[in-house]
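K.L.:
Okay, predicted coordinates and the sequence, questions at the end:
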Amino acid sequence: MQELELSQVQLDELWTFVRKKERTLSKWEKEHTEYGDNWVWIAFDAVHKLVVAVVVGEHTEEEAIGLLTRLRARLADACLPLLTSDTLPHYAGAILRVLGVWVQPQRNGDRGRLPKPRPVPPEGLYYATVHEERKKGRGSGSPKKWEQRTPAMAAGLTDHG
């Protein structure tokens with residue numbers, strides 16, 4: 001799949017395990033097998049019911065970056081779909097690193113080092129998260145609350161003043 005024109009993509013992850021859960025593995029199994037906890041990261045186009053990208057790995061921002069890199073490779077050059085996810089903080093940073101535009105901030109004054117380049121969201125990139133009320137580890141049945149944010153807002157990279 002290449003050159004996809006998608007209007008929205010849902011990002012999510014699913015926990016599973018191979019043969020045994022991580023906490024029950026012996027030291028030898030941890031070092032010499034692929035048993036234990038795994039996460040399946042998915043980018044899903046809900047409009048067309050299409051799984052666009054999948055990554056299997058740990059529960060880290062590096063896997064979120066891998067998922068978004070695979071998604072980006074399948075999208076048309078100018079396509080920036082609405083991205084939605086749960087509140088996992090890995091997504092905001094990964095979205096900025098993969099889809100963001102790197103800029104060199106201006107120096108405040110004329111002394112000292114230049115600030116490090118940082119990613120900013122390009123025009124037209126939107127990101128929304130869903131917050132679900134949970135009680136004792138289960139969904140409470142109350143409605144989910146959506147919050148529309150840019151990836152820079154979610155990663156704490158913008159001023160809110």
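P.N.:
Noted; the coordinates are in hand. Numbers count the residues shown, from 1 in each chain.
K.L.:
which parts of stretch 8-20 are buried?
P.N.:
Buried residues in stretch 8-20, counted by 16 or more other Cβ atoms under 10 Å: 9, 10, 11, 13. C-beta: built from backbone N, CA, C; applies to glycine.
K.L.:
In terms of helices and strands, where is the first one?
P.N.:
Under the criterion of DSSP states H and E, residue 9 resides in strand 8-18.
K.L.:
Identify the residues contacting the next helix-or-strand element following that strand?
P.N.:
Going down the chain from strand 8-18, the next helix or strand is helix 27-32, by DSSP H and E. With contacts defined as Cβ atoms under 8 Å, 6 or more residues apart in numbering, helix 27-32 is touched by 20, 22, 35, 36.
K.L.:
Adjacent strands (with direction) for the strand holding residue 9?
P.N.:
Strand 8-18 sits in its sheet next to strand 36-45 (antiparallel), strand 82-85 (parallel), going by DSSP bridges.
K.L.:
can you list the weak-confidence ranges in this structure?
P.N.:
For the chain, applying pLDDT under 70 flags the ranges 134, 137-161.
K.L.:
now the strands for it?
P.N.:
8-18, 36-45, 50-57, 82-85, 101-103, 118-120, 127-131, 134-135, 138-139, 145-149 (DSSP state E).
K.L.:
JSON lines for those strands, including distance to residue 68?
P.N.:
Listed next are the strands of the chain as JSON lines, based on distance: least, Cβ to Cβ, whole Å:
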{"stretch": "strand 8-18", "distance to residue 68": "8"}
{"stretch": "strand 36-45", "distance to residue 68": "7"}
{"stretch": "strand 50-57", "distance to residue 68": "8"}
{"stretch": "strand 82-85", "distance to residue 68": "9"}
{"stretch": "strand 101-103", "distance to residue 68": "15"}
{"stretch": "strand 118-120", "distance to residue 68": "12"}
{"stretch": "strand 127-131", "distance to residue 68": "11"}
{"stretch": "strand 134-135", "distance to residue 68": "26"}
{"stretch": "strand 138-139", "distance to residue 68": "26"}
{"stretch": "strand 145-149", "distance to residue 68": "16"}
